[in-house]
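Chemist: Curious how this folds, go ahead:
(3 chains)
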Amino acid sequence: MRTLAETLPKEELFHSGHPLCPGCPGGMMLRWITKTLGKNSICSMAATCMALPAMVYPHSLEIPCLYIAMAPSPAGITGVSAAIKILKRKGRIPADRKISVFALAGDGSAGDIGMASLSGAAERNDDGIFFCFDNEAYMNTGIQRSSSTPRFSWTTSTIKGKPEKKKDLPRIMAAHDIPYVATVSVAYPDDFVRKLEKARDMEPGFKYLHVHSPCPTGWRFPESKTIEIARLAVETGLWILYEVDHGSLKVNFRPEKRRPIEDYLRPQGRFRELSQKDIQSIQDRIDNRWRDMRN
Amino acid sequence: MNKSKALGPDIQNLYTYSELPIGATAVGLPEGRETGLWRYMRPTIEEKIPPCQEACPAGNWIQRFVDATASGNLDEAWRALKLENPFPGVCGRVCYHPCEESCIRKEFDVSTFIHLIERSLADSFFNERLTPPIIRKKQDKKTAVVGSGPAGLACAYFLRVLGYEVTIFEARNELGGIPQTGIPAYRLPKEILNKEIGDIIALGIEVRKGCRIGKDMDFSELFTYDAIFLATGAHQTPPVNIPGVTNEGVYQGMDFLARYNMESSIDVGERVLVIGGGNVAIDVSRTLIRLGIQPTLLYRRTRSEMPAHSEEIDDALAEGARFQYLLSPFSIRKSEKTGLILECAKMKIQGVDPDGRPRAVPHEGKRVSFEADQVILAIGEVPDFSYLPKEIDLIKDLLWVNEWGQTSVEKVFAGGDMIDQPWNISEAIGSAKRAAIAMDHFLKGDDLQNLFRQGALAKTMREHLDLDLSPEPGHREVATFNDLNLSYVRSFSSQLSGKLPTVERICDFREVNSGLDLDAAIKEAGRCLSCGVCKMCGNCYLFCPDGAVQINPTTGRYAINYQYCKGCGICQNECPVGAITIEAEGAM
Amino acid sequence: MGTHKMLTGNYAAAYGAKLARVEVTPVYPITPQTHIMEKMAEFIENGELDAEFVSVESEHSALAVAIAAQATGARSFTATSAQGLLYMHENLFVASGLRLPIVMVLVNRALGAPNSIYPDLSDSLDQRDTGWIQVYVENAQEAHDMVVQAYRIAEDKRVLLPMAICFEGIIISHYMEPVEILDQEKVDNFLMPYLPEHVILDPDRPMSVGQIVMDDSYYMEYRYQQQEAMDRAKEVIQEVDEAFGQSFGRYYGGLLSTEMMEDAEVALLTLGSLASTARAVVNHLRNEDGISIGLVKLRMVRPFPDQELSELLSDTKVVVVLERDVSIGAGGIVYTELCRSLNGRNGPHLINYILGLGGRDVTFEDIKDIALLSCSERHTTTIDNPIRWYQVRGL
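Modeler: Numbers count the residues shown, from 1 in each chain, chains lettered A, B, ... in the order given. So this is what the prediction gives:
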């Protein structure tokens, strides 16, 4: 069987020499996305770390890319896909040309400031793929709490740990009854690319991919451990890889034996202050979630 | 807009407002931002030596043939196997696979069963006469090989592969040495051995059987050859200091096996005592069992000190051999009524011998006697050096050779059981290979001493012929457990090979251990962790956030582009096989 | 000749957008603009217009969608009012900074609090710094005509800026007037399709649209490019007015229009629907009372006709700025702009009347009173309290 490295196109549309931090999972994600979607794509970018390689000249993304503002990257999908539709009808773009429209936004953009835009584009089922690059805080501004920051996590705006729970954006998006919602992890590129291909090849409509993206800078772990941390999130059962394909939910990976959540929390500086009780409460939540996910 | 003028602030040559593209757009791709300048840790793709290969005395290219098997590329697997070893069918059966002892997979679940993969490959190619992976063009030099055991045949094979003319001199009328005469068929079927010998000879090797050097031909005649390899093994019985060993009914173990193996019959009574704790003692015992006799094996130490392979001891016990420990033969007497009486001293373990083994000492002069029809002494053999000229130096009871197998006479090399190394087939093949490589250099007029000092003297054919495609060959470390990332390993247990049921196997000399069928072998090969050797899984390429790991189009292997690599170290962390190292920039 | 219909200002604007063959229309409802959205939806639903109607979830997204669509090469159109306009505020800068010739109708409405659906031009005048061309029209016909003109002005390669057509809610948006709907074929000749070369999201020509510039690189250069384009827009606006007049027989004067200004000692300067009332007052005072008075109808607030006004008003003694907006703490926005225009010149006295806020009726008599009072001030040397709130009860 050929490996993903063999089957993915060799051409890099996301180029080396970009300013993302060493060990940033965004670099991988952008490489996989551009390799999977190819040149015939248009990107709508939110204010995110990902805008740095894509929007600062000399830029690294060999795909047309639009930055409007922090909130409306989903509206970017709407506008671009609406334009493509009418321009195809009018013959200014060949009717048979497939152009993939996608948006890239961080968790703060997707789940906080851009939530209305995201929900709107999803409800209208506008044609495109939305990536929520979830690094669980406002990283580009210097690690501030977002609605996606997990409970107990340190950020520069929650120095004693965030008291509230993480917003479950993928489930909110699934509630929009769009054609496709999937959770992915940078530690599982095969799963990532398979789901992206599925979204790409689906009928027109809004597809949502939520990427669990450990941030070495903001989560306080060594930059060589990005994939290890991402994998631990899945192996401990904290981050569940699933997809909701036209309303039907499927868990794509069930760890044979879930590792204790402590394995995931301990290597991260942002969880350094957690008490045993805090850890247990996270463990309980994971266990309950999996009970719900049993079928 | 042209790419030569950048829009970034770091470039001096800035555009004026009227030259800029309008609409805050930027067109162009990076060419100058060298993110490699950020790097303070430097990853290097640096393959390591798999511990199995390090442990293999024969120098087999284990990772390569196992990996090729796993990917179903059997021809390639066969070529990699045959490149380093002309006896995969034999080794797959009788080598005690130290490779598996050092297999890192053992720490995770169970070792990869390398010998079964090797054997399965050999069996599946049994009916094909594949030429070796490479035969170098004819070299204008003639070589002689004395002795046709595994060392002699292997050396002949490697020399032939290297393009030399080879003549083998064998004292007996059969080729094969110990595997032919000493290893019973239930462990090594004759057709397997003879097939592999046949394949070697078919490469165009001249064979002179029944030609004992020093008797049928003078040693000096060998000097007409350009180089000579001696591999006459160890077949002589050492002096045994036990009264009565010359009595009728007392055999030497190797003689007993040879007689049985060559003549397929031997007269023995009901009561047979076997003395010794090595593999020969076990082979003798199990041969006796197959002749319908239940032997008693006497050993001077205890089970845990027996040099025989543990699995063989278990098999012998299962087949009905009786073992008695802490008994040392004292004398053998002839009795008119009862045949032979063997008197033994009772021993006890006290202190340690100079070689580190527990020392057996007489236990307060206690004695015990056994009645027997035959007594078979399996307490070792020594080489016969009587045919050698005086110029060839010995050391203690062995032939002196240097690190690359050269004797004190320049054009004479040696290997196998004559020299100071463990006596087994893989060591024999390994010594033959090292000598063949050294002979190649010698015949080309190279300065062997100098090559050795530079570390340029290869120990394997792949290195010697420059077939190893590792990105940075040369000095390499042996991979360890900590080098691997086992997150990518799924546990699955191997399908163990079976054994013939005991009741069936004691009736005849059918092979006891069955191999794996090819599908099972391919599956088993999939368990290999490829320690230290890149399997092109692509993790480094996929996970590099900077696209700095790409395939080098000329080598087809992954390479790191240091112009862009920021040194995050994810490639090193996520390499399943530990083929990437990382150290502080400038530490070299 | 086009066809004539009784239309509200909103419908007249929507007909203009239809004739301009707009391609993507993202709109969010807000009174008093909502009729435009409804009419566009109807046109598209009926097949009268081949376009994508996008019912967005907010004005912020409305303009974002318009930006994205325009950047992909489609002609975009949207409309809003007051709070909605302020909600899209950040994107106004994006549209102009990206040099996307989006056209938007701004139906002026007072900004809360207190809340009112009646007009106050402050909502759009507030946005004069966002880099959009702004035209203020006085009736439904002008609204209709200007939507068509706007695309030709905005898409001109010398300009490439977004443009807003502003008119007062309720007064213009909701009252019906006879309107000549332009002939489609003539509009098609007047207006070429939008085929952008400068900014385009085209996979064959990848570019980063809306790039981030670092501290000392190109921010100022990009801003200066906008200023230059806005300056060039002045001549384009005049050219397009001329071309429109030749095609359709109506001339609007471009940046501004005047009435009886040739020898006027007193000038009333206003914009929007007040211009109609002021015109009647000027005609009355000239014809009945022989007063030397004229009217300046300001059309373009951006680009602001600085030079044109300073030349026009050089011999005028008093300029009375009547406006339905205010910048709290400074005065009428147009008045302060005019002060800037005439800066440093020994020009006319400037008097500012802030009136009609929140849709309070400004009658013929109101303006006549103001005009007569101003006439009496033309010989004074200084003007006391030049900024005057009119109609405030108790003041």
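Chemist: tell me the pLDDT at the one residue in the stretch 451-588 of chain B that gets nearest to chain C?
Modeler: Closest approach between the stretch 451-588 of chain B and chain C, counting by Cβ to the nearest Cβ: residue B:547, at 16.8 Å. C-beta coordinates here come from the backbone N, C-alpha and C atoms, glycine included. What the model reports as pLDDT for residue B:547 is 95.
Chemist: how about it, what does it touch?
Modeler: Going by Cβ atoms under 8 Å, 6 or more residues apart in numbering or on different chains, residue B:547 touches A:12, A:14-16, A:27, A:31, B:564.
Chemist: and it, which of the three is it?
Modeler: Per DSSP: H, G, I helix; E, B strand; the rest coil, the secondary structure class of residue B:547 is coil.
Chemist: Now do the closest residue in space to it that isn't next to it in sequence against residue A:227, distance only.
Modeler: Distances taken as Cβ to Cβ, 6 or more residues apart in numbering or on different chains place residue A:16 nearest to residue B:547, at 4.5 Å, with adjacent residues excluded. In this view, residue A:16 and residue A:227 are 19 Å apart by Cβ to Cβ, to the nearest Å.
Chemist: Residue C:291 too?
Modeler: Residue C:291 is 84 Å from residue A:227, by Cβ to Cβ.
Chemist: and the residue in the stretch 1-150 of chain A positioned nearest to chain C, what does it touch?
Modeler: Nearest to chain C, among the residues of the stretch 1-150 of chain A, is residue A:79, at 2.5 Å (Cβ to the nearest Cβ). Residues near residue A:79 by Cβ under 8 Å, 6+ apart: C:24, C:26, C:54, C:64-72, C:76.
Chemist: The nearest residue to it once chain neighbours are set aside - how many residues pack around it?
Modeler: Nearest residue to residue A:79, sequence neighbours excluded (Cβ to Cβ, 6+ apart): residue C:68, at 2.5 Å. Number of residues near residue C:68 (other Cβ atoms under 10 Å in any protein chain shown) recorded here: 34.
Chemist: show me what contacts residue C:68?
Modeler: Taking Cβ under 8 Å, 6+ apart as the criterion, residue C:68 is in contact with A:44, A:66, A:68, A:75-80, A:83, C:201.
Chemist: again with residue B:577
Modeler: B:479, B:483-484, B:529-535, B:537.
Chemist: I'd like to know how many residues surround the residue in chain B positioned nearest to chain A.
Modeler: For chain B, the residue positioned closest to chain A under Cβ to the nearest Cβ is residue B:538, at a distance of 2.2 Å. Neighbours of residue B:538 under the rule other Cβ under 10 Å: 19.
Chemist: Need the pLDDT of it.
Modeler: For residue B:538, the predicted pLDDT is 96.
Chemist: per-residue confidence for the residue in the stretch 251-395 of chain C that chain B sits nearest to?
Modeler: Using Cβ to the nearest Cβ, the single residue of the stretch 251-395 of chain C nearest to chain B is residue C:303, 17.3 Å away. On the pLDDT scale, residue C:303 is placed at 98.
Chemist: what do you get for residue B:469?
Modeler: pLDDT recorded at residue B:469 is 62.
Chemist: Around the residue nearest to residue B:547, how many other residues sit close by?
Modeler: Look at residue A:16: counted by other Cβ under 10 Å, it has 25 neighbours.
Chemist: and it, that's in a helix?
Modeler: No: applying three-state DSSP, one finds residue A:16 to be coil, outside a helix.
Chemist: Who are the contact partners of it?
Modeler: Counting by Cβ under 8 Å, 6+ apart, residue A:16 has contacts A:60, B:30, B:35, B:546-548, B:561, B:563-564.
Chemist: Please work out how many residues are found near residue C:74.
Modeler: Residue C:74: 29 neighbours (other Cβ under 10 Å).
Chemist: If you could redo that for residue C:376, that was the one I meant.
Modeler: Residue C:376 has 10 nearby residues by other Cβ under 10 Å.
Chemist: how near is it to chain A?
Modeler: Residue C:376 sits 52 Å away from chain A, going by Cβ to the nearest Cβ, to the nearest Å.
Chemist: And the helices in chain A?
Modeler: Ranges of helices within chain A are A:4-7, A:25-37, A:51-55, A:73-89, A:107-108, A:115-123, A:169-174, A:189-201, A:216-219, A:226-235, A:262-265, A:276-292, based on DSSP state H.
Chemist: average pLDDT for the third one?
Modeler: On average, the pLDDT along helix A:51-55 is 89.
Chemist: and that helix, how far from the chain's centre?
Modeler: Distance, stretch centre to chain centre, for helix A:51-55: 16 Å (Cα atoms, centre = their mean, to the nearest Å).
Chemist: what's the helix or strand of chain C with the lowest mean pLDDT packed up against?
Modeler: In chain C, no helix or strand scores lower on mean pLDDT, DSSP states H and E than strand C:208-209, which sits at a mean of 92. The contact analysis (3 or more Cβ pairs under 8 Å, 6 or more residues apart in numbering or on different chains; DSSP states H and E) places strand C:208-209 against strand A:65-67, strand B:25-26.
Chemist: From the contacts of residue A:79, pick the one nearest chain B.
Modeler: residue C:71 (8.7 Å).
Chemist: how many other residues sit next to the closest one?
Modeler: Residue C:71 has 34 neighbours, counted by other Cβ under 10 Å.
Chemist: Check residue B:198 too.
Modeler: Applying other Cβ under 10 Å, we find 12 residues neighbouring residue B:198.
Chemist: In three-state terms, label it for me.
Modeler: Per three-state DSSP, the secondary structure class of residue B:198 is helix.
Chemist: Please tell me how far residue B:60 sits from residue B:103.
Modeler: Counting by Cβ to Cβ - residue B:60 and residue B:103 are separated by 13 Å.
Chemist: the more surrounded of those two?
Modeler: residue B:60 (28 against 25).
Chemist: right, and that one touches residue B:87 too?
Modeler: No: using Cβ atoms under 8 Å, residue B:60 makes no contact with residue B:87, being 10.4 Å away.
Chemist: OK, contacts around the nearest residue to residue B:574 once chain neighbours are set aside?
Modeler: Excluding its sequence neighbours, the residue lying closest to residue B:574 (Cβ to Cβ, 6+ apart) is residue B:539, at 4.7 Å. Counting by Cβ under 8 Å, 6+ apart, residue B:539 makes contact with A:5, B:488, B:571, B:574-576.
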